[in-house]
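1. let me see the structure of the following:
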Amino acid sequence: MKASIYNSYIPITEATTLVYNSFGNDYLLVDVNNAKKIEQQIFSELPDRLLKELKNKRFVLPKEVDESSLLLFDRIKKYETDSHYNLILNPTLNCNLSCWYCYETKTPSRMSPTMVESIKKFISNTLKEGTPIEIFDISFFGGEPLINFNDVALPIMQITKEICQNRGIIYRFDYTTNSYLINDRMIEIMKEYQPINFQITLDGCEEEHNSTRFLKNGKGTYRKVIESIKSLVKNDFDVTVRLNYTHKNIVGMIKIVDDLKELSEYKNVSIAFERVWQDYREGNIEEEVETVKEKFKSVGFDIGELKYSTSPKWCYGNRKNTAVLNYNGDIFKCTARDFKRENREGYINEDGSIIWDEERVENRYRALLLNSTCKCNRILINNLFKFFVWREVSKSFTRSIIEFIFNPLNLFVGYFTKVLTLWDILPDKPVGVFIGTTFP
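-> Okay, the predicted model is just below:
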């Protein structure tokens, strides 16, 4: 037997050590002496119960197992997955609002009828008879994706539903929208294309929201957004209400509870908290956030918690079967960018075929799958992980350590920025019990 190369050993107290395996995202809180025996591979002196658990969770494994190869195989399998396709569409980069923190350029734009036809051909070609695809997701992004709904999103949903139903493929739609354009007629149309999930954002209570999310003429949008949320939920659409909070608006968000509390009995609505990324430098406001969360919970709302995990769950852009299609036909792999043509990774032809930039595809493949850092994953995360654990213990936090571990497998493909923001997320509260399995 041998200890996994992806084990990390982090002292928690003088008597206990957290043993963490980044490949399987498993952890055990063990006696410090037993932790040393695991690290030194003196397995014969370990308690039987602990050794069995170590084997089950792959902290310890047969000597002949090549873990680096297993990790690369796991990555290849995830990259090559062909049973699920995720198509993300930007019908436009235009928006009817003017939010100060938006990273989109709001370029004057509109998906042309020719482009819509090309997308319909792509869907038909991709979901042809005999396709291995079992699930086909279309996400409408932007800009505001409901602009020109009848001419862009609707015909695309129509052909997707028709083909998927004929071929036994699961289809799903979702919209990231400010919801201002939603009306009763649109809701009646969309009922024919369920399931549809909506993510709709509120930027504080009415006063705060209207100072951030307003129309070109300066008119506030809060009341209309609340109305749209209620209409969608009551018509059986899944809705995630995303609360974009800052150090300035978080306290006032407690007022939103009263405006939405009639929806608390519905199971198809959830509340998600997300800090505006430009606000992270303004200090720790976790106590205020928890106060607002508890208020929502007290009336029955489900709160979607943001958790950091090291399990190898990739960003959607890291799979082969993902394409972000801009209004002009440019293809990207991620929505968190400015959609400049020089950054595109391909384009769509009139016949519906995607022409990928082979050099960019190859570079992405090598970065994701063949990076030599896979072989020293434990070394990569060890010091950073110790830093976060030390900070949690030294500043006396209640939350589980594991909740704040970032994803080391994606360290070099986009997640490092999240690591930098964790300093401001962690709360200053008394230590509670670490969540995990404790062995004597």
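2. please report the distance of D351 from Q158.
-> Distance from D351 to Q158, counting by Cβ to Cβ, to the nearest Å: 20 Å. Bear in mind the C-beta positions are built from the backbone N, C-alpha and C, glycine included.
3. more neighbours: those two, which one.
-> Under the neighbour definition other Cβ atoms under 10 Å, D351 and Q158 were set side by side, and Q158 has more, 14 against 10.
4. output the contacting helices and strands for the host helix or strand of the more buried one.
-> Under DSSP states H and E, the secondary-structure element containing Q158 is helix 153-167. Using 3 or more Cβ pairs under 8 Å, 6 or more residues apart in numbering; DSSP states H and E, the elements in contact with helix 153-167 are helix 113-126, strand 135-140, strand 170-177.
5. residues touching E134, list them.
-> For E134, the contact set (Cβ atoms under 8 Å, 6 or more residues apart in numbering) comprises 83-84, 169-170.
6. looking at those residues, which is nearest K77?
-> For the contacts of E134, the closest approach to K77 (Cβ to Cβ) belongs to S83, at 11.3 Å.
7. and A272, helix, strand or coil?
-> strand (DSSP: H, G, I helix; E, B strand; the rest coil).
8. tell me the contacts of it?
-> 240-243, 303-304, 306.
9. ok, 7 Å please
-> By Cβ atoms under 7 Å, 6 or more residues apart in numbering, the residues touching A272 are 240, 242-243, 304.
10. helix or strand with the lowest mean pLDDT in this protein?
-> helix 416-425 (a mean of 30; mean pLDDT, DSSP states H and E).
11. quick revisit: so which of the helices and strands packed on helix 153-167 comes closest to I256?
-> strand 170-177 (18.0 Å).
12. report the angle between the axes of the closest one and helix 153-167?
-> Angle, strand 170-177 to helix 153-167, by axes from the mean of the first three to the mean of the last three Cα atoms, to 10 degrees: 160 degrees.
13. quick one: strands adjacent to strand 170-177?
-> In its sheet, strand 170-177 lies beside strand 135-140 (parallel), strand 196-202 (parallel), with partners assigned from DSSP bridges.
14. ok so, going back, how far is the helix holding Q158 from where the chain is centred?
-> Relative to its chain's centre, helix 153-167 lies at 26 Å (Cα atoms, centre = their mean, to the nearest Å).
15. buried set for that helix?
-> Using 16 or more other Cβ atoms under 10 Å as the test for burial, helix 153-167 gives 153-154, 156-157, 159-160, 163-164.
16. same check on stretch 199-218?
-> 199-206, 208-210, 212-214.
17. which outside residues touch stretch 51-60?
-> 1, 3-4, 7, 19, 21, 24, 26, 28, 38, 43, 437.
18. make JSON lines out of the residues you listed and add pLDDT and secondary structure.
-> Shown next, in JSON lines, are those (pLDDT from 0 to 100; DSSP: H, G, I helix; E, B strand; the rest coil):
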{"residue": "M1", "pLDDT": "92", "secondary structure": "coil"}
{"residue": "A3", "pLDDT": "94", "secondary structure": "strand"}
{"residue": "S4", "pLDDT": "93", "secondary structure": "coil"}
{"residue": "N7", "pLDDT": "91", "secondary structure": "strand"}
{"residue": "V19", "pLDDT": "92", "secondary structure": "strand"}
{"residue": "N21", "pLDDT": "88", "secondary structure": "strand"}
{"residue": "G24", "pLDDT": "81", "secondary structure": "coil"}
{"residue": "D26", "pLDDT": "86", "secondary structure": "strand"}
{"residue": "L28", "pLDDT": "89", "secondary structure": "strand"}
{"residue": "I38", "pLDDT": "94", "secondary structure": "helix"}
{"residue": "F43", "pLDDT": "94", "secondary structure": "helix"}
{"residue": "T437", "pLDDT": "37", "secondary structure": "strand"}
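19. picking up where we left off before, which among the helices and strands packed on helix 153-167 is found nearest to C95?
-> strand 170-177 (10.1 Å).
20. buried residues in that closest one, which are they?
-> 171-177.
21. from those, pick the one nearest Y193.
-> Nearest member of the buried residues of strand 170-177 to Y193, counting by Cβ to Cβ, is F173, at 6.2 Å.
22. tell me who's in contact with the residue lying closest to that closest one once chain neighbours are set aside.
-> Among residues not flanking F173 along the chain, I196 sits closest, at 4.6 Å (Cβ to Cβ, 6 or more residues apart in numbering). Shown in contact with I196 (Cβ under 7 Å, 6+ apart): 173-175, 190, 237.
23. swap the cut-off to 8 Å and go again
-> Contacts of I196 (Cβ under 8 Å, 6+ apart): 172-175, 190, 237-238.
24. among those, which pair sits farthest apart?
-> Taking Cβ to Cβ as the measure, these span a maximum distance of 13.0 Å, between R172 and M190.
25. just the helices in the stretch 201-350 of the chain please.
-> Listed in chain order, the helices of the stretch 201-350 of the chain (DSSP state H, counting those that start in this stretch) span 206-212, 222-234, 256-260, 286-298.
26. include mean pLDDT and distance to N94 when you put the ones you listed into TSV, please.
-> Formatted as TSV, the helices of the stretch 201-350 of the chain follow (pLDDT from 0 to 100; distance: least, Cβ to Cβ, whole Å):
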stretch	mean pLDDT	distance to N94
helix 206-212	93	18
helix 222-234	98	18
helix 256-260	97	28
helix 286-298	94	32
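27. got those helices as CSV, with distance to R360 columns?
-> Output for the helices of the stretch 201-350 of the chain, formatted as CSV (distance: least, Cβ to Cβ, whole Å):
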stretch, distance to R360
helix 206-212, 36
helix 222-234, 38
helix 256-260, 43
helix 286-298, 39
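28. of all those helices, which lies closest to I119?
-> For I119, the closest of the helices of the stretch 201-350 of the chain is helix 222-234, at 24.8 Å, according to Cβ to Cβ.
29. neighbours around I42, how many?
-> Neighbour number of I42 under other Cβ under 10 Å is 11.
30. next one: it from V19, what distance?
-> Relative to V19, I42 is positioned 14 Å away (criterion: Cβ to Cβ).
31. R223 now?
-> 53 Å.
32. quick one: which of the two has more around it?
-> Comparing R223 with V19 by other Cβ under 10 Å, the one with more neighbours is V19, at 24 against 12.
33. give me the low-pLDDT residue ranges for the chain?
-> Within the chain, the ranges that satisfy pLDDT under 70 run 78, 100-107, 305-317, 368-440.
34. repeat that for 50
-> 306-313, 372-440 (pLDDT under 50).
35. part of a strand, is L29?
-> Yes. Counting by three-state DSSP, L29 falls inside a strand.
36. tell me the buried residues in the helix or strand hosting I187?
-> According to DSSP H and E, I187 maps onto helix 184-190. Neighbour counts over helix 184-190 (16+ other Cβ under 10 Å) mark 186, 189-190 as buried.
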